[in-house]
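**Student:** Just a sequence and a predicted model for now, questions to come.
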Amino acid sequence: MRILAVAVFAAAALTVPAAPALAQSPTCVEPGQFDPAGTYEFDADMGGMPLSGLITVECSDEGLFGVIEPEGGMPGLEIVEVAIDGQQVVLSTEQMGGEGPDFVLDFEGDTFTGVVTFQGTEDAISGQRIEEES
């Protein structure tokens, strides 16, 4: 009887399907490179007018992308390209199907300062990463 029980358990072990492999998260930056993925609050001075909002940068299989969402009902900007050079991140955007402003952000830890450039103008911007709600 004992041999039969061992044989049944051995057969059962052979028929248990293997656990599925864990899906790996996409990697959008090289090892050691600054990773800008996250959500940031920002304050900007756009042509003398204060502007606040959120910048969200995400990593997907296609690379880094995101959105810039100003407060006050202004339309958002789609981030179509993210370039990283050391601690500097350039977010290139589109608005209404055309080229939008570039956000040139110089990071120090989770905070940044920089400029928003568009059609020959430069406006100051600063911000910080915010904690994601779980």
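**Tutor:** Yep, that arrived. These numbers come from a predicted model, not from an experiment. Numbers count the residues shown, from 1 in each chain.
**Student:** how about the helices of this structure, start to end?
**Tutor:** Assigned by DSSP state H, the helices in the chain fall at 2-15.
**Student:** Sketch out the low-pLDDT regions of it for me.
**Tutor:** Scanning the chain with the threshold set as pLDDT under 70 gives 1-26, 132-134.
**Student:** so who does residue 104 touch?
**Tutor:** Residues near residue 104 by Cβ atoms under 8 Å, 6 or more residues apart in numbering: 88-90, 114-117. C-betas here are computed from N, CA, C, even on glycine.
**Student:** Any of those residues buried? List them.
**Tutor:** With burial judged by 16 or more other Cβ atoms under 10 Å, the buried subset of the contacts of residue 104 is 89, 114-116.
**Student:** ok, those residues vs residue 62, which is closest?
**Tutor:** Of all those, residue 62 sits closest to residue 89, with 17.6 Å by Cβ to Cβ.
**Student:** wait, isn't the closest one in contact with residue 34?
**Tutor:** Yes - contact criterion Cβ atoms under 8 Å: residue 89 and residue 34 qualify, at 7.1 Å.
**Student:** between those two, what contacts are shared?
**Tutor:** residue 107.
**Student:** Quickly name whichever of the contacts of residue 104 is closest to residue 49.
**Tutor:** Of all these, residue 49 sits closest to residue 116, with 12.1 Å by Cβ to Cβ.
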